[in-house]
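>>> based on what follows, work out the 3D shape:
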Amino acid sequence: MNRVWALALLLALGLTGCGTIQRAKQADVLEAEVKHLQEQRDDLAAQMKLRDEELARLYAEQRRLQQEKQQVVERVDELAQAKERLAHDLRQQIGEYQAKLTMTERGLVITFLAEILFDSGKAVIRSEGHGLLDKVAEVLATTVKDHQVAIEGHTDNEPIRHSGWPSNWELSAHRALAVLHYFVETRGLPPGRFQATGFGEYHPVAANETPQGRQQNRRVEIVILPKGLTKVKSS
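I've put the predicted structure just below:
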């Protein structure tokens, strides 16, 4: 009987040991699974943080673009109003093809044939031109009072012969400056808004082979820049 009890005791202890080992193994497996899940949780948390940061960046960019769009709309509205007003005030000259209004990426371009403002080869504004520039000055002082303005002089490719200018560059530059000085000194507009450039014969809008083409190339362009720009883009 003693031997039987001893064998039973040894068997019970053996079974208990096997169970302990099995539970230990299960605990190791569970610990590994928990560690894996924690790593997955940390990865997800990092991904969520990156996603939140990216969403915040995208929302900020969206707000910036919306603000820029609103600003562009306001700028275009002001230039469109200026164009509408000038189209009314200069309707006679526009109808006679002596003036033209064009909305471009450069801004609102007011084009006058040179002969309506200046005598041939001269850079002194004719008295008849004062009234036209006055109409433009009124718009510059009101509808687009916060916009910069570029004034450009252009000529045809006929060489200077009798007027005394060294070249068409000087003539075109002095004509642009004459318009600038009229706006600033006669009309009292702020000088810091203006820039003047002479392009001579090098920015034609028509072929110089015909009298009509040369007439179109002899011109002064007043460019009302979109708000925020301080320098006109090349034509």
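
>>> next, give phi and psi for Ile222.
With angles defined as degrees, to the nearest 10, Ile222 sits at phi -110, psi 110.

>>> the host helix or strand of Phe112 - what's its average pLDDT?
Assigned by DSSP states H and E, Phe112 belongs to strand 107-113. Strand 107-113 shows a mean pLDDT of 97.

>>> sheet partners, orientation included, of that strand?
strand 99-104 (antiparallel), strand 219-224 (antiparallel) (DSSP bridges).

>>> would you turn those strands into JSON lines with mean neighbour count, distance to Asp146 and mean pLDDT?
For glycine as for every other residue, the C-beta is placed from the backbone atoms N, C-alpha and C. Putting those into JSON lines (neighbours: other Cβ atoms under 10 Å; distance: least, Cβ to Cβ, whole Å; pLDDT from 0 to 100) gives the following:
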{"stretch": "strand 99-104", "mean neighbour count": "15", "distance to Asp146": "18", "mean pLDDT": "96"}
{"stretch": "strand 219-224", "mean neighbour count": "25", "distance to Asp146": "11", "mean pLDDT": "98"}
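
>>> ok, which of these comes nearest Val149?
strand 219-224 (5.8 Å; Cβ to Cβ).

>>> for that closest one, output the C-alpha coordinates as CSV.
The C-alpha coordinates for strand 219-224 follow below in CSV (Å, rounded to 0.1, in the frame of the first residue of the first chain):
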residue,chain,number,x,y,z
ARG,A,219,0.8,104.0,-79.1
VAL,A,220,0.9,104.7,-75.4
GLU,A,221,-0.4,102.0,-73.1
ILE,A,222,-1.5,102.7,-69.5
VAL,A,223,-1.5,99.4,-67.6
ILE,A,224,-3.5,99.2,-64.3
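
>>> what ranges do the helices span in this protein?
According to DSSP state H, the chain carries its helices in the segments 2-89, 91-95, 114-117, 127-141, 168-181, 211-217.

>>> so which of those is the most packed in?
Stretch with highest mean neighbour count among the helices of the chain: helix 168-181 (a mean of 21; mean count of other Cβ atoms under 10 Å).

>>> other SSEs contacting that one?
Here helix 168-181 touches helix 114-117, strand 149-154, strand 194-198, strand 219-224, going by 3 or more Cβ pairs under 8 Å, 6 or more residues apart in numbering; DSSP states H and E.

>>> closest to Leu108 out of the helices of the chain?
When the helices of the chain are compared by Cβ to Cβ, helix 2-89 sits nearest Leu108, at 4.6 Å.

>>> now do the contacts for Ala196.
Ala196 sits next to Ala150, Ile151, Glu152, Gly153, Ala173, Ala176, Leu177, Val179, Leu180 when contact means Cβ atoms under 8 Å, 6 or more residues apart in numbering.

>>> where does this protein have low pLDDT?
1-21, 23-24, 65-76, 231-235 (pLDDT under 70).

>>> now with 80, please.
1-28, 55, 58-76, 228-235 (pLDDT under 80).

>>> how many residues are close by the nearest residue to His162 once chain neighbours are set aside?
Nearest residue to His162, sequence neighbours excluded (Cβ to Cβ, 6 or more residues apart in numbering): Gly121, at 6.6 Å. Using other Cβ atoms under 10 Å, Gly121 has 14 other residues around it.

>>> distance to Leu108 added to the helices of the chain, as TSV?
Formatted as TSV, the helices of the chain follow (distance: least, Cβ to Cβ, whole Å):
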stretch	distance to Leu108
helix 2-89	5
helix 91-95	14
helix 114-117	18
helix 127-141	9
helix 168-181	16
helix 211-217	19
